[in-house]
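A.B. asks: build the 3D model from these lines:
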Amino acid sequence: MGHRNAVNGRKSATSNIFEDSDEVDEFVDASDKIQYESSLDLLDTVGEAQIAFNLFLNNKFQMAEDRMRGLADKSMYHALGYSTIKFIRAMMTCERQDLEKAAEVCKDATNMISKFRAKFSITESLYRIGGQERSLTDSEMHAELCYAETLLARAILTFFSDESLTSFVRGAFRIRTCYQSYKECQRLLNSQDWENRDETVKAQFESGTRMGVGTFNLLLSTLPSRILRLLEVVGFSGDKGVGMMELHGSLALNGTLRNPMCRLVLLLWHLIASFLVGMGEPDVPLCRQILEPMLQNYPQGSIVLFLKARLFVVSGEIDNAIHYFNRSIDTQDDYRQFHHICFWELLFAHSYLQDWKRAANNAKKLLDESRWSRCVYTYLLAIMINADETAPNRLDTCRILLEKIPSIRLRIAGKSIPVEKFCERKAKRFKATGSLLFAHYEFMYFWNGFSILKSNVLLIESILKDMEEQWSRVECDDRDDQSLYFLLKAVCLRNLQRYDECEKCLLSVIDNESQLTDHFYLVPNAIFELAQLQSDLNRGEDAEALLHRARTYKGYSLETKLHFRIHSAMESLGTRTPMPQ
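C.D. replies: Coordinates of the predicted model:
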């Protein structure tokens, strides 16, 4: 059977809809001339969703939303598209009204899509148990896939909207149901008779199924083994290799609705998530290959320009990264909250260049505009001003800012946010000792800045020189400050492959353990870095023993961050993090 057209008069859903640049201009720029497709045929609605998503990636956010909203109560793909746009907006703003609206739209979408899912009579259910079942229709199979996708969005929104235990249980249940739906889609992909079906229907279904199963496996693989073992008991699995294989299988299906989203998932993993939940080992050549078609199709898309900037960051090309972060900001004003993500990245980018004044300016923008954490932004502003020795009234300004931190910390369900608790402890230490020594480089370390910079030796050397010069002027015998200096210096030395000096610094931190009064987190991090050094020297058994040792430490600042890194390091050594005794 031949291809069906995704939208009347347009190319098929499996062909590359960007082959004709005039066609792109038609639905991206000529908004007043767009005619929405009213057909409820499955592939026609898939085509409409593709057009809407392309509009969205070209910063035409309202046009994309309008295109999906009209038939969201009749078409599963319009419902999916509309709820996805609302979900992305809520995740970008984190504002209560957007979260509530997204939750409402996603609930409506889930209920509407459920009407298209397969219904089985008692007899048919018995046949299914016996291994025989009727062949599902195209709509029934796609409904199962769309149901899984909207249910996942609802689960995530549940966690964001309400921090109560009831909501946590509800969200976890939805994720489990969503996972089961994806597994059912995978079973259908492998078991249904596709020979007499439209190949476009299969391509669209396969792309979404592989992307969903792959993303689940990838995300679950980041969890420590003790948690993953518990999840496996209730039917989850998390294998990074399987996840990557499935995502690349989806990526190969060019022209499908979910192909751009699959590209975004892989780029976000390599360029951002791998640094947040691992040791930051992105596949840069692969990212360039994945990103190139996105840049051709969405040359002014703020999300795509942001990812290009991140690619420059992890490649050590910081000046180019700053240029593209600013371009991402300049291309749209509808989603101001996306600017905040760029401000955060610009803060770090300028820090890598030791341009503390511009870093402080971006911290101030975040403090003035973003609602995420006034505590963190205030702390960042203080340490960036402190790093700039030319700033007027530097110490007085830092003191005023840091005194505010205890009163602006957030509590969620009675729990403190770990990074805010860290900022408060640093503020209290400043009040007691007057010291913010290397606080700017310390924060950079915890956000894997030194892992990012290992691709630019000149920047590492410049930072090391700056730290050494500062330390020579301080003449400090405070063991906490001394140990922080040795840890940060060791990380630089390891990136410069000066291994003997690196080991000496790390052992100095560990030897100071009993004399530390505030920075208790330095020792487990030093042991972790020593494990990384042993790994660099191909001493796998020594590295593994040190990782086990680092994992035994409890109750220190930003503990979870280190546990993620330990888990990632153990995975790279081919071992699993042990169950706690």
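A.B. asks: phi and psi next, for Thr315.
C.D. replies: Wrong residue type there; residue 315 is Ser, not Thr. Ser315 has phi and psi values of phi -90, psi 0 when expressed as degrees, to the nearest 10.
A.B. asks: please renumber the chain so that the first residue is 381 from this point on.
C.D. replies: Okay, using 381 as the starting number, the last item reads as Ser695.
A.B. asks: measure how buried it is and give me the count.
C.D. replies: Neighbourhood size, Ser695 [other C-beta atoms under 10 Å]: 17. Quick note: C-beta positions are derived from backbone N, CA and C, even for glycine.
A.B. asks: that one and Ser835 touch, don't they?
C.D. replies: Yes - using C-beta atoms under 8 Å, Ser695 is in contact with Ser835, at 5.9 Å.
A.B. asks: which SSE is Met492 in?
C.D. replies: Per DSSP states H and E, Met492 falls inside helix 476-494.
A.B. asks: buried stuff in that helix?
C.D. replies: In terms of neighbour count (16 or more other C-beta atoms under 10 Å), helix 476-494 has its buried residues at 478-479, 482-483, 485-490, 492-493.
A.B. asks: please apply the same query to stretch 841-857.
C.D. replies: For stretch 841-857, by 16+ other C-beta under 10 Å, it's 842-844, 847, 851.
A.B. asks: repeat for stretch 878-889
C.D. replies: By 16+ other C-beta under 10 Å, the buried positions in stretch 878-889 come out as 882-883, 885-886, 888-889.
A.B. asks: which residues does it contact?
C.D. replies: For stretch 878-889, the surrounding residues in contact (C-beta atoms under 8 Å, 6 or more residues apart in numbering) are 862-863, 866-867, 869-871, 873-874, 902-903, 906-907, 909-910, 913, 916-917.
A.B. asks: buried ones among those residues?
C.D. replies: Using 16+ other C-beta under 10 Å as the burial test, the contacts of stretch 878-889 include 862-863, 866-867, 869-871, 873-874, 902-903, 906-907, 909-910, 913 as buried.
A.B. asks: which of these fall in helices?
C.D. replies: Among the buried ones among the contacts of stretch 878-889, the members found in helices (DSSP state H) are 862-863, 866-867, 869-871, 873-874, 902-903, 906-907, 909-910, 913.
A.B. asks: hmm, back to that, save the buried residues of helix 476-494 as JSON lines, and put in distance to Glu529 and pLDDT too.
C.D. replies: JSON lines is the format used below for the buried residues of helix 476-494 (distance: C-beta to C-beta, whole Å; pLDDT from 0 to 100):
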{"residue": "Asp478", "distance to Glu529": "19", "pLDDT": "88"}
{"residue": "Leu479", "distance to Glu529": "18", "pLDDT": "88"}
{"residue": "Ala482", "distance to Glu529": "14", "pLDDT": "95"}
{"residue": "Ala483", "distance to Glu529": "15", "pLDDT": "93"}
{"residue": "Val485", "distance to Glu529": "13", "pLDDT": "97"}
{"residue": "Cys486", "distance to Glu529": "10", "pLDDT": "96"}
{"residue": "Lys487", "distance to Glu529": "14", "pLDDT": "94"}
{"residue": "Asp488", "distance to Glu529": "14", "pLDDT": "97"}
{"residue": "Ala489", "distance to Glu529": "9", "pLDDT": "97"}
{"residue": "Thr490", "distance to Glu529": "10", "pLDDT": "96"}
{"residue": "Met492", "distance to Glu529": "13", "pLDDT": "96"}
{"residue": "Ile493", "distance to Glu529": "9", "pLDDT": "97"}
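A.B. asks: distance to Ala653 added to these, as TSV?
C.D. replies: Formatted as TSV, the buried residues of helix 476-494 follow (distance: C-beta to C-beta, whole Å):
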residue	distance to Ala653
Asp478	23
Leu479	22
Ala482	22
Ala483	24
Val485	26
Cys486	23
Lys487	28
Asp488	30
Ala489	26
Thr490	26
Met492	31
Ile493	28
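A.B. asks: and for Pro679, the neighbour number?
C.D. replies: Neighbour count of Pro679, defined by other C-beta under 10 Å: 11.
A.B. asks: what's the pLDDT at it?
C.D. replies: Pro679 is assigned a predicted lDDT (pLDDT) of 97.
A.B. asks: same question for the one 5 residues further on.
C.D. replies: At Val684 the predicted local confidence, pLDDT, stands at 98.
A.B. asks: contact partners for it?
C.D. replies: So Val684 contacts 437, 671, 674-675, 678 (C-beta under 8 Å, 6+ apart).
A.B. asks: out of these, which end up buried?
C.D. replies: Buried among the contacts of Val684 by 16+ other C-beta under 10 Å: 437, 671, 674, 678.
A.B. asks: in helices only, show me the buried residues of stretch 878-889.
C.D. replies: 882-883, 885-886, 888-889.
A.B. asks: take these and write them to a markdown table, including pLDDT and distance to Ile652.
C.D. replies: Below are these laid out as a markdown table (pLDDT from 0 to 100; distance: C-beta to C-beta, whole Å):
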| residue | pLDDT | distance to Ile652 |
| --- | --- | --- |
| Cys882 | 98 | 27 |
| Glu883 | 98 | 31 |
| Cys885 | 98 | 29 |
| Leu886 | 99 | 28 |
| Ser888 | 98 | 33 |
| Val889 | 98 | 29 |
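A.B. asks: check the gap between Ala498 and Leu516 for me.
C.D. replies: Plainly put, Ala498 is 5 Å away from Leu516 if you go by C-beta to C-beta, to the nearest Å.
A.B. asks: sorry, slip of the keys, the one I care about is Lys495.
C.D. replies: Taking C-beta to C-beta, one finds Lys495 at 15 Å from Leu516.
A.B. asks: of these two, who's got more company?
C.D. replies: Neighbours were counted for Lys495 and for Leu516 using other C-beta under 10 Å; Leu516 has more, 15 against 9.
A.B. asks: isn't the more buried one right next to Gln572, touching?
C.D. replies: Yes - with contact defined as C-beta under 8 Å, Leu516 reaches Gln572; the gap is 6.6 Å.
A.B. asks: and Glu445, how many neighbours?
C.D. replies: Here the count is done by other C-beta under 10 Å, and Glu445 has 18 residues near it.
A.B. asks: same question, the one 10 residues further on
C.D. replies: One way to gauge burial is a neighbour count; for Ser455, by other C-beta under 10 Å, it gives 28.
A.B. asks: give me the distance between it and Thr473.
C.D. replies: 26 Å.
A.B. asks: ok, now Asp922?
C.D. replies: 47 Å.
A.B. asks: neighbour-wise, which of the two wins?
C.D. replies: Thr473 (18 against 15).
A.B. asks: now for that one: which residues touch it?
C.D. replies: So, once contact is read as C-beta under 8 Å, 6+ apart, Thr473 ends up touching 715, 717.
A.B. asks: how about the longest helix anywhere in the chain: buried residues?
C.D. replies: Longest helix in the chain, counting residues (DSSP H): helix 545-571. Across helix 545-571, burial judged by 16+ other C-beta under 10 Å covers 547, 550-551, 554-556, 558-559, 561-566, 568-569.
A.B. asks: the nearest residue to Ser463 once chain neighbours are set aside and Leu775, how far apart?
C.D. replies: Closest residue to Ser463 apart from its sequence neighbours, by C-beta to C-beta, 6 or more residues apart in numbering: Ala489 at 3.9 Å. Look at Ala489 and Leu775: by C-beta to C-beta, they are 54 Å apart.
A.B. asks: let me see the contact set for the nearest residue to Ser753 once chain neighbours are set aside.
C.D. replies: Once flanking residues are discounted, Ser753 sits nearest to Glu800: 6.2 Å by C-beta to C-beta, 6+ apart. By C-beta under 8 Å, 6+ apart, Glu800 lies in contact with 753, 755-756, 789-790.
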